[in-house]
Structures are given as C-alpha cells and as structure tokens.
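1. quick one, what's the 3D model for this:
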Amino acid sequence: MVLVAAFLKGIVGFGFPTTSTTLLALFVDVKTAVALVIVPNIVMDGYQMLRRGQLLATAGRLFFVLVAGACGIVLGTKLLVMLPAWVATRVLGLFTLAFVALNATAFSPRLAPRWERPLGPVAGLVSGVVGGLTNTPGTALVMFFYALGLPKEEFLRSIALSFVALKVVQLAAVAHFGLMSWGLFQLSLGLTAVALVGFSIGLRVQDRLDQRRFNRVVLVFLAATGLWLVYRSL
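-> Next up, the predicted model:
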C-alpha cells in the first residue's frame, strides 16, 4: 500500500499522505497512521525538491504561503488531538470535486499572477489546518498552484518545497503533542525505504509526461482524491 501510494506520488508530485494514511488506517488508528507517513513524505519531497533546482527563487515567492501554512499545521495538529477529522475531510473532498468539475467545463478556475501574493497566505493557512487535522495538506495548495497555471517544472518545485516545509513543522508538532513515539519513528524510517522504491519508478513516468498530459493526470488524481475523501468521511 505504501509502495503504490509512493508510485502515484512520483507521477503527479502529491497525494501520498491521502492514499497511504487511508490505507494504513485499515490496520492502525488514524493518529498512528498520520505519524507513520510523515518521514517518508519529507524524504520523497526533499528529493523531488532538489532535483528541480532554482529553489531560492521559489522559496522567496512562497515565503508567506509557507509561514501561514506552518501556523495552520500547528493549529490543525492540535485539532487532531481534540476533534474527529471527518468534518474537515468531507469538506475538503467536496471542495476538491467542485474544483475538478469546474475545470471540466468552460468555467475552468484560473487566477492571474497578481492574485498569488494576496491569496497565497490564505491557501497556505487552509492547507496547513486541513493538513494537520487530516494529514492531507497538499490538496488545497495543489488546487491553488494549478489555478495559477504554473508550468510543470515550477508546479512540481512549488509543491515539493511546500510539502517539505509543512511536513517538517508537522513532525515537530506531532512529537510535541505526543503522537510520535520513538518506536513509531523507527517504523516510519522503515516505510521510507519501501516508499522510495515506488517513488523512483513514478518519477520516471512523470518525466515522460508533457504539460498537457501532466495537467490531465493531475485533474484525474484530484478527482479520485476528492471522491475518496468524501467516502472516507461517511
């Protein structure tokens, strides 16, 4: 299950926490599943981030997005300790499906570049809160970056950098709130080795996709993610 989730992440650059957390939750409780997949995600996104280069420019562009996302992660992780996650999961799933439906029509949502700076922190905060609560921080940011019409390389670089930053904060947060024990951390390292196998194969597929096919795959995967999130929340 981790192998398959990592393979899909290698293709589209996101989706590993959603898929792997859901599958692991069939065998362990959700809070344990959240903790287990953080380290594999950091390692995979760190590799994807480094292979894309030009990180300083992207980091400067996303600075306020990442700061807001980090604050949201801490808040969302606190909510994970206190509340059931099904409400946020269902809302995120329905919102994702609405976004995909709009893209399938002539009303495809697009944002002009001038909106990136004022709306970026909002997208980061929402992504962080939802990510801390449900372990799916990527969906809101993926939709935001997609709506900006970023080229494939910049899209992947932005996603990878954002995920590394948010997941490092999440790792510290789950440790602080007592959700990550030393035993779970060691098991998470073992899952990382498994995930890297599937991830490396997925990257080969990703490199062969042109911009049009890549956009199509992203939308299909977002649709599948939205349906799964709604089903998971029922």
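2. which parts of this structure are helices?
-> Assigned by DSSP state H, the chain shows helices spanning 2-12, 16-24, 30-36, 38-52, 55-61, 63-82, 86-103, 116-134, 138-147, 152-176, 182-207, 211-233.
3. centre of the chain to the last one, how far?
-> Chain-centre distance of helix 211-233: 12 Å, with CA atoms, centre = their mean, to the nearest Å.
4. lowest-pLDDT helix or strand in this protein?
-> When the helices and strands of the chain are scored by mean pLDDT, DSSP states H and E, helix 86-103 comes last with a mean of 67.
5. if we can go back for a sec, comparing the helices of the chain, which yields the minimum mean pLDDT?
-> Of all those, mean pLDDT reaches its minimum on helix 86-103 (a mean of 67).
6. I'd say residue 97 and residue 227 touch.
-> Yes: using CB atoms under 8 Å, residue 97 makes contact with residue 227 at a distance of 6.8 Å. C-beta here means a position set from N, CA and C on the backbone, and glycine is covered the same way.
7. which residues do those two both contact?
-> Counting by CB atoms under 8 Å, 6 or more residues apart in numbering, residue 97 and residue 227 have no common neighbour.
8. tell me which of the helices of the chain lies nearest to residue 110.
-> helix 138-147 (5.7 Å; CB to CB).
9. which other helices and strands does that closest one contact?
-> Under the contact criterion of 3 or more CB pairs under 8 Å, 6 or more residues apart in numbering; DSSP states H and E, helix 138-147 touches helix 16-24, helix 86-103, helix 116-134, helix 152-176, helix 211-233.
10. switch to 6 Å and redo it
-> On a contact count with 3 or more CB pairs under 6 Å, 6 or more residues apart in numbering; DSSP states H and E, helix 138-147 meets helix 86-103, helix 116-134, helix 152-176.
11. which parts of that helix are buried?
-> 138-147 (16 or more other CB atoms under 10 Å).
12. ok and that helix relative to helix 16-24, angle-wise?
-> Angle, helix 138-147 to helix 16-24, by axes from the mean of the first three to the mean of the last three CA atoms, to 10 degrees: 150 degrees.
13. could you measure from residue 76 over to residue 174?
-> Residue 76 sits 11 Å away from residue 174, taking CB to CB, to the nearest Å as the criterion.
14. what does residue 182 give?
-> The gap separating residue 182 from residue 174 is 13 Å, by CB to CB.
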